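Enquirer: sharing a model prediction with you, sequence too.
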Amino acid sequence: MGRRTGAGRGARGHGWTPGRGTVTLCAAAALATIVAHAVRAAPVTEGTPTPYAFAEDDTRVEGATVTTDAVRLDPGHTYRSALPGTDRRYYRLELDSSANAYVSATAVPGAGARVSSADGLKVSVQDAGGTTCSTGTAHFGATGSPHPIAAWASRETGAGTYGCKGAGVYYVVVERRAPGSSGSTSGDWDLELDYVSEPALDRDDATTPPGSWDSATPEAVLGDATRRAGGAGFAGASALGQGVWQDTVRPGQTLFYKVPVDWGQQLSATVEMGSSTGGDGFVGTALAMSLYNPVRAHVDDADAGYNGAQTSAALAPLPPVDHANRRAPGDRISAMRFAGWYYLAVHLGAPVADRFGEGPFGLTLRVRVSGTPVSAPAYLGRAVPRDVFGVTAGDREEAAAGATGDAGASGGEPGAGATAREDGGARGDGSGRGGTEQDTGTMRLVAAGGIGTGSVLVLGLVLWTAIARRRARDRWAG
């Protein structure tokens with residue numbers, strides 16, 4: 001839920017990498033005790049939504065209260081920070097005169113926080129002279145419950161842009177929108193910052209968006225659903241391809257999915273919530289779905305009320321992915337400017353529990369990716385991180401297999417996440433962006449000293465997930 005504005009026409013708005021080989025787990029009775037203790041160390045109360053899952057390789061930084069002390073952010077990295085309730089925070093960018101810089105901030109209110117529909121997040125990019133290059137905002141909307149929201153801003157240099165084109169120091173400014181509004185609390189929010197650099201085109205003379213495109217409402221994807229557990233954050237988003245996908249969600253929970261969309265392709269998505277087994281009444285905005293592009297920039301939203309009967313929300317028709325879409329007014333068109341992973345964040349409002357119980361409630365996602373891929377635009381250099389603005393064969397395999405960057409955040413009973421991913425392995429990386437190679441490591445689980453099979457499997461899954469989530473750094477190398 002967000003929008004972006006700009007100050008000018010074009011300003012809208014390391015880690016260890018696993019090698020190939022074999023991992024052998026030799027377990028003894030003492031190890032079983034350690035595993036059991038590790039599992040108990042982070043208990044999750046039944047019915048409590050999984051908190052937001054930050055990327056495991058996030059760099060922790062402290063936002064400055066004044067620009068003089070602002071820490072530098074580097075492209076291709078994600079950062080974890082915090083935002084106080086009544087102050088702003090500054091971060092520094094060092095830019096050349098040609099690349100476009102995109103910074104997204106995901107705000108995560110703390111446990112027990114209260115928010116109003118007007119409460120939200122504001123992100124700006126400013127030059128050293130205090131000129132605002134662009135500003136983006138996001139708000140919690142009418143669901144009445146705190147959940148992760150993301151806003152973005154940028155410095156752009158292409159044709160049709162004015163100001164903020166020179167090389168030098170720029171600042172990212174992050175602040176609360178409508179702090180202290182009625183019904184909201186002023187506690188700190190956690191932040192996840194994502195910074196992506198896009199190279200200039202070899203020739204960029206497009207000053208208007210593409211011509212007409214098929215804006216008819218696409219036909220719904222039909223067929224039997226495949227179980228697929230959503231992730232708990234951008235980095236752990238569960239990969240989806242075209243098809244019908246099923247999950248469960250609890251009130252107050254947000255689930256993340258990602259879909260590979262290539263240049264020239266169109267994405268459409270519908271989310272359906274199943275009927276309730278009890279309760280009565282009506283929740284005005286119960287189910288909300290937000291779409292974000294490969295730089296975590298907001299594209300569009302869809303929402304629906306709930307009265308105990310099945311309900312659904314569909315994104316409005318979106319244009320084919322095209323570099324020139326950035327010349328269009330409004331995020332719904334202009335944000336469809338990159339190929340790559342597009343993210344769907346599905347949130348079920350906490351007030352649903354008051355009338356229909358804690359759930360879990362059934363979810364069905366119908367995803368369509370139409371159109372024949374076309375050649376990528378002629379960039380002069382390489383994006384950072386690499387491959388962020390493209391779709392590889394590995395990305396398509398990941399979507400087909402159902403990989404996820406974390407252990408899943410299914411709203412079902414314990415074990416639901418594993419069940420939902422029986423159709424594919426756990427593959428992903430810490431950035432939430434697809435890799436270009438398949439992991440070929442093999443796991444051997446050797447039970448010894450009386451350890452039960454369940455304990456060994458738990459340890460194996462923990463290590464396998466840790467290995468998969470550190471693959472992002474391999475993509476940034478070189």
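Expert: Sure, I can see it. From a predicted model like this one, the values you see are computed outputs, not experimental measurements.
Enquirer: so, low pLDDT: which residues of the chain?
Expert: 1-50, 179-186, 403-478 (pLDDT under 70).
Enquirer: how about the helices in it?
Expert: 29-40, 331-334, 352-356, 393-401, 416-420, 453-468, 472-476 (DSSP state H).
Enquirer: excluding chain neighbours, what is closest to residue 97?
Expert: Spatially, and ignoring its direct neighbours in sequence, residue 97 is nearest to residue 167 (4.3 Å; C-beta to C-beta, 6 or more residues apart in numbering). C-beta here means a position set from N, CA and C on the backbone, and glycine is covered the same way.
Enquirer: show me the contacts for that neighbour.
Expert: Residues near residue 167 by C-beta atoms under 8 Å, 6 or more residues apart in numbering: 95, 96, 97.
Enquirer: show me these that map onto strands.
Expert: Members of the contacts of residue 167 lying in strands (criterion: DSSP state E): residue 95.
Enquirer: tabulate the contacts of residue 167 (TSV), appending distance to residue 383 and neighbour count.
Expert: Formatted as TSV, the contacts of residue 167 follow (distance: C-beta to C-beta, whole Å; neighbours: other C-beta atoms under 10 Å):
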residue	distance to residue 383	neighbour count
95	14	21
96	14	13
97	17	10
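Enquirer: of the contacts of residue 167, closest to residue 276?
Expert: Relative to residue 276, the closest of the contacts of residue 167 is residue 95; by C-beta to C-beta it sits at 51.0 Å.
Enquirer: export stretch 66-86 as PDB, just CAs?
Expert: Output of stretch 66-86 as PDB, limited to C-alpha atoms (Å, rounded to 0.1, in the frame of the first residue of the first chain):
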ATOM      1  CA  VAL A  66      21.700  14.600  10.800                       C
ATOM      2  CA  THR A  67      23.200  14.300   7.300                       C
ATOM      3  CA  THR A  68      26.700  14.900   8.500                       C
ATOM      4  CA  ASP A  69      26.800  11.600  10.300                       C
ATOM      5  CA  ALA A  70      25.000   9.500   7.700                       C
ATOM      6  CA  VAL A  71      26.500   6.100   7.000                       C
ATOM      7  CA  ARG A  72      27.100   5.100   3.400                       C
ATOM      8  CA  LEU A  73      25.000   2.400   1.700                       C
ATOM      9  CA  ASP A  74      26.400   0.300  -1.100                       C
ATOM     10  CA  PRO A  75      24.400  -1.000  -4.000                       C
ATOM     11  CA  GLY A  76      23.600  -4.700  -4.100                       C
ATOM     12  CA  HIS A  77      23.200  -5.000  -0.300                       C
ATOM     13  CA  THR A  78      20.400  -5.000   2.200                       C
ATOM     14  CA  TYR A  79      20.600  -3.400   5.600                       C
ATOM     15  CA  ARG A  80      18.800  -3.600   8.900                       C
ATOM     16  CA  SER A  81      18.100  -0.500  10.900                       C
ATOM     17  CA  ALA A  82      15.500   1.100  13.100                       C
ATOM     18  CA  LEU A  83      13.100   4.100  12.900                       C
ATOM     19  CA  PRO A  84      12.000   6.000  16.000                       C
ATOM     20  CA  GLY A  85       8.400   7.100  16.300                       C
ATOM     21  CA  THR A  86       8.900  10.900  16.100                       C
END
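Enquirer: roughly how far apart are residue 177 and residue 141?
Expert: Residue 177 is 12 Å from residue 141, where distance means C-beta to C-beta, to the nearest Å.
Enquirer: between the two, which one's more packed in?
Expert: Higher neighbour count among residue 177 and residue 141: residue 141, with 24 against 19, using other C-beta atoms under 10 Å.
Enquirer: and residue 65, how many neighbours does it have?
Expert: Residue 65: 13 neighbours (other C-beta under 10 Å).
Enquirer: phi and psi next, for the residue lying closest to it once chain neighbours are set aside.
Expert: Sequence neighbours aside, residue 87 is the residue nearest to residue 65 in space, at 6.6 Å (criterion: C-beta to C-beta, 6+ apart). Backbone geometry at residue 87, expressed as degrees, to the nearest 10, gives phi -140, psi 170.
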